[in-house]
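Asks: With the sequence up front, the predicted model follows.
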Amino acid sequence: MTGVLASQQLKAMILDGRLSAQPAITDEQVQPASLDLRLGTTAYRVRASFLAGAGAKVEDRLNEFEMHRIDLSDGAVLEKGCVYVVPLMERLDLPSDVHAVANAKSSTGRLDLLTRTITDGGEEFDRIPAGYTGPLYAEICPRSFSVLVRPGMRLNQIRFRAGQAVLNDSALSALHVESPLVNGPPVISDGLGFSVDLKPEAGTLVGYRAKPHTGVIDLDNIAGYDAADYWEEVHSDTGRIILDPGAFYILVSREAVHIPPAYAAEMAPYLAMVGEFRVHYAGFFDPGFGHDAAGGAGSRGVLEVRCHEAPFVLEHGQIVGRLVYEQMNEVPEQLYGAGIASNYQGQGLKLSKHFRAT
């Protein structure tokens, strides 16, 4: 049977030694359809982002590109605009029929902390072929804020798949009829389209823009920062905003999203033809997100938006991205939000968990 592996299957892979780590993987790392990955004890400051390439090891490429190394044991700052590679505590010994994809966790993406996974022999970021055996590394580039990190922090996550389980448009349409995926007419084309909300039901606050010069964020300091010190509020009473080149925004989808228990989803960037911006760098939606029984009725997708070379006018209801749905191999024993520490179930417009409301 094909599909995304569920939490109970990940635990079986841990017991079999297919997923291993030093120190051992904890129960808290296992999510409904993914495994959180932990930073190791050393960060390598490198001259540039890189991939190992076929037949090469990341360790060997580090010897080429390393500028200096940083001991993370007592905490260390990763500076905005710099590129770091951190060996992760976890390693893989994948079966020949299981491949993997990695992504930044939600809180990581909402801090504009570009975090990608690289592997020995890897020719793509965040894509790990079936049968891979070896270590994992995180490439980290803080883009808006410098951050304080420590060993064991979980900035990215990995999802495992057997075969190809992506729903085509006809299957997605049928699923919406059976179990509505959005609270309105679906826009289905190579996935489920979603649009930006620039006409809130109350007030004029439509998003936040990262301030250019701020202090360091300690990633362990939950609700420890005043949002006003790091973010500018973005208001609109016209249903329109202009994105500034190089700026990073937190916006929200107009649609309330639903991921049924037997499915998972990944948010993919919309086609480049739509405009001079990219939406959403942290892309996993777990089974149960927005699901009534898991306390998530009305969960909207938070959009991490970066504008590119030219100013761009963004209009209310404009399609900005798509959700690609996949079938689970098994229904997870625990759904997103149902009794586990899920920070963003039932969300609307919301910054990462590090910030208090303005």
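Replies: Happy to help now that I have it. Since the model is a prediction, treat every value here as computed from it, not as a measurement. Numbers count the residues shown, from 1 in each chain.
Asks: hey, where'd the strands end up in the stretch 51-200 of the chain?
Replies: 66-71, 76-78, 83-93, 98-104, 113-119, 127-128, 133-142, 147-149, 154-162, 187-188, 192-195 (DSSP state E, counting those that start in this stretch).
Asks: now the stretch 201-350 of the chain
Replies: Using DSSP E, counting those that start in this stretch, the strands of the stretch 201-350 of the chain run over 205-210, 217-218, 225-226, 231-235, 240-243, 248-256, 263-269, 277-279, 284-285, 300-307, 312-315, 319-327.
Asks: Does S236 touch D197 like I think?
Replies: No - using CB atoms under 8 Å as the test, S236 is too far from D197 to be in contact (10.4 Å). Glycine gets a C-beta too; all of them are placed from N, C-alpha and C.
Asks: So between those two, which is more surrounded?
Replies: D197 (22 against 17; other CB atoms under 10 Å).
Asks: Could you list which residues are in contact with the more buried one?
Replies: When contacts are counted by CB atoms under 8 Å, 6 or more residues apart in numbering, D197 touches 206, 251-254, 300, 316, 349.
Asks: Can you add neighbour count, pLDDT and distance to R322 and give these back as JSON lines?
Replies: Formatted as JSON lines, the contacts of D197 follow (neighbours: other CB atoms under 10 Å; pLDDT from 0 to 100; distance: CB to CB, whole Å):
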{"residue": "V206", "neighbour count": "25", "pLDDT": "97", "distance to R322": "21"}
{"residue": "L251", "neighbour count": "25", "pLDDT": "93", "distance to R322": "16"}
{"residue": "V252", "neighbour count": "19", "pLDDT": "92", "distance to R322": "16"}
{"residue": "S253", "neighbour count": "24", "pLDDT": "90", "distance to R322": "11"}
{"residue": "R254", "neighbour count": "22", "pLDDT": "92", "distance to R322": "14"}
{"residue": "R300", "neighbour count": "22", "pLDDT": "83", "distance to R322": "15"}
{"residue": "H316", "neighbour count": "17", "pLDDT": "96", "distance to R322": "18"}
{"residue": "L349", "neighbour count": "17", "pLDDT": "87", "distance to R322": "20"}
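Asks: Distance to N168 for these - can I get that in JSON lines?
Replies: As requested, those are exported to JSON lines (distance: CB to CB, whole Å):
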{"residue": "V206", "distance to N168": "34"}
{"residue": "L251", "distance to N168": "29"}
{"residue": "V252", "distance to N168": "28"}
{"residue": "S253", "distance to N168": "22"}
{"residue": "R254", "distance to N168": "24"}
{"residue": "R300", "distance to N168": "25"}
{"residue": "H316", "distance to N168": "30"}
{"residue": "L349", "distance to N168": "32"}
